[in-house]
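Chemist: Show me how the following folds:
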Amino acid sequence: MELCLLTLISMTVIGAHCDSHTLRYFYTAVSAPGSGLPEFSTVGYVDDQQIEHYSSDTGRDRPVAPWMNKEGQEYWDGQTQLSKGTESVFKHNVRTAMSRFNQTGGIHSFQVMSGCELRDDGSTAGYNQYGYDGREFMSLDTQSGLFIPTMNEAQLTTQRWNSPEVREGERSKNYVENICIEWLKKFIEYGREDLEKRVRPEVKVWGRRQSDAATRLQCLVYGFHPRAVDVRWMKNGVDHVPSDERTPILPHPDGTYQMRVGVEVPTTEEDAYSCHVEHSSLGEETLIVIWEPDNGLSMIVIIAIVGAVVVIVGALGVGIFLLTKKRRGYKTASTSDNNSDSSNTPKA
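Modeler: Just a heads-up that it's a prediction; the model follows:
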């Protein structure tokens, strides 16, 4: 079997911005029913807000973010038809990938993440990645416009896509660097009020003695928007204490974000420690919360806050793989063995 190319126009999305914004589409196909997932699904995001969804169970592409209703019914009908075509391609892809790995049964997944980023300074980035069974399969190098295999089983695909006859990398490069950016700008305009709202962070600090000589301090920053934030521990208000524990910035169910930063410090009453937070909602102000050994934040409250984030992240993560790379976690990639136009996603 060959990997085939497939149109990615439905994955694209276009105005102005205050903070960096991203547009990402996640495609997932599974080899057989019984996994708890639809056999094929597409999920689109602007930043961390889901904007649209297609599932083989419903057979319809539908808006998720309310402001995506600014696109009329003709748009959603068109997206549905494109998604149906994508579904057939991905079902082919997962079977092809299984044959490459000499697999004849079981439940397997074939996944793609494609998208772009528009940064504060007007610069852009694109990424297109392919995965099989949770591992990276191949990706697009946007500098050269060539697909790079990350496992031996992907070499046949990359050789074909990089050939002068197919040149899929050039089309994918044009999509992530140009077409995707225009759609992202458009969607930013649709959801600007929501995407660029400013919400001040809440901060909770607590400590737990690890031993007679050491105490671990935690700073939980939550309920803020937009995503970018700087959190650090300071000693006596002037000396930065390097953190040895820092969670990713995670989305909350209400559309805000949270993160936690931990440090280990000597158990002593001579020094004062404080958590310093800088965020765009604060303007020039730095939010400072001093840790006091007896400030006694209820662990029930902490667990409730963190637990809510775990639930939402788990929900967002169903059917989605994220291939971790440099450059803010993104890297460029593409998938399939047949011809496609400048916005195509190939078959596996």
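Chemist: Now do the buried residues in stretch 21-41.
Modeler: For stretch 21-41, the neighbour count (16 or more other C-beta atoms under 10 Å) marks 21-31, 37-41 as buried. (C-beta placed from N, C-alpha, C; glycine too.)
Chemist: what does the model give Gly255 for pLDDT?
Modeler: Listed pLDDT for Gly255 reads 83.
Chemist: So it versus Ser20, what's the distance?
Modeler: Noted for Gly255: a distance of 17 Å to Ser20, by C-beta to C-beta, to the nearest Å.
Chemist: rewinding a little: can you flag which of the buried residues of stretch 21-41 belong to helices?
Modeler: Assigned to helices by DSSP state H, none of the buried residues of stretch 21-41 qualify.
Chemist: Arg192: which of those residues is nearest?
Modeler: His21 (9.9 Å; C-beta to C-beta).
Chemist: What is the lowest-pLDDT residue among the buried residues of stretch 21-41?
Modeler: Within the buried residues of stretch 21-41, pLDDT is lowest for Leu37, at 85.
Chemist: Tell me who's in contact with the closest residue to Leu217 other than its chain neighbours.
Modeler: The spatially closest residue to Leu217, leaving aside those adjacent along the chain, is Gly207, at 4.6 Å (C-beta to C-beta, 6 or more residues apart in numbering). Contact analysis of Gly207 by C-beta atoms under 8 Å, 6 or more residues apart in numbering lists 215-218, 291, 293.
Chemist: Name the SS class of Gly207, please.
Modeler: Under DSSP: H, G, I helix; E, B strand; the rest coil, Gly207 falls in the strand class.
Chemist: let's have the chain start at 840 instead
Modeler: That works, and once the first residue is 840, the last one we named lands at Gly1046.
Chemist: what's Asp916 sitting at in phi/psi?
Modeler: Backbone torsions for Asp916, taken as degrees, to the nearest 10, come to phi -60, psi -40.
Chemist: any idea how far it lies from Asp900?
Modeler: In this view, Asp916 and Asp900 are 9 Å apart by C-beta to C-beta.
Chemist: circling back to that earlier point, tell me the one of the buried residues of stretch 860-880 nearest Glu891?
Modeler: Nearest to Glu891 among the buried residues of stretch 860-880, counting by C-beta to C-beta, is Tyr864 at 8.7 Å.
Chemist: bridging residues for Arg1099?
Modeler: Bridge pairing for Arg1099 (DSSP bridges) gives the partners Leu1059.
Chemist: Mind checking which of Asp916 and Asp900 has more residues around it?
Modeler: Shown here are Asp916 and Asp900; by other C-beta atoms under 10 Å, Asp900 has more neighbours (23 against 12).
Chemist: okay but the more buried one is in contact with Thr925, surely?
Modeler: No. With contact defined as C-beta atoms under 8 Å, Asp900 does not reach Thr925; the gap is 9.9 Å.
Chemist: quick revisit: now rank the contacts of Gly1046 by neighbours and give me the top one.
Modeler: Leu1056 (21 neighbours).
Chemist: where exactly do the strands run in the stretch 990-1139 of the chain?
Modeler: Here the stretch 990-1139 of the chain has its strands, by DSSP state E, counting those that start in this stretch, at 1041-1048, 1053-1063, 1069-1074, 1078-1080, 1084-1085, 1089-1090, 1096-1105, 1112-1117, 1126-1129.
Chemist: Can you give the domain ranges for this protein?
Modeler: Using automatic domain parsing, the domain ranges for the chain come out as 848-1035+1160-1168, 1041-1150.
Chemist: any idea which of these is most buried?
Modeler: Ranked by mean neighbour count, these are led by domain 848-1035+1160-1168 with a mean of 19 (mean count of other C-beta atoms under 10 Å).
Chemist: Check the offset of it from the chain's centre.
Modeler: Chain-centre distance of domain 848-1035+1160-1168: 11 Å, with C-alpha atoms, centre = their mean, to the nearest Å.
Chemist: Next: stretch 1029-1048.
Modeler: 18 Å.
Chemist: Tell me the spacing between the nearest residue to Glu1007 once chain neighbours are set aside and Thr1095.
Modeler: In space, and not counting its chain neighbours, Glu1007 is closest to Trp1000: 4.0 Å by C-beta to C-beta, 6+ apart. Trp1000 is 40 Å from Thr1095, where distance means C-beta to C-beta.
Chemist: and what of His947?
Modeler: Going from His947 to Thr1095 by C-beta to C-beta gives 36 Å.
Chemist: sorry, back to before: just the pLDDT for the residue nearest to Glu1007.
Modeler: At Trp1000, pLDDT is 92.
Chemist: Next: Val882.
Modeler: Confidence score, pLDDT, at Val882: 96.
Chemist: Touching, Tyr893 and Thr881? I think so.
Modeler: Yes. Under the criterion of C-beta under 8 Å, Tyr893 makes contact with Thr881 at 4.3 Å.
Chemist: Mutual contacts of these two, please.
Modeler: Joint contacts of Tyr893 and Thr881 (C-beta under 8 Å, 6+ apart) are 900, 922.
Chemist: so how far is Met1073 from whatever residue is furthest in space from the centre of the chain?
Modeler: In the chain, the residue that sits farthest from the middle, by C-alpha atoms, centre = their mean, is Glu1109; the gap is 43.0 Å. With distances taken as C-beta to C-beta, Glu1109 is found 15 Å from Met1073.
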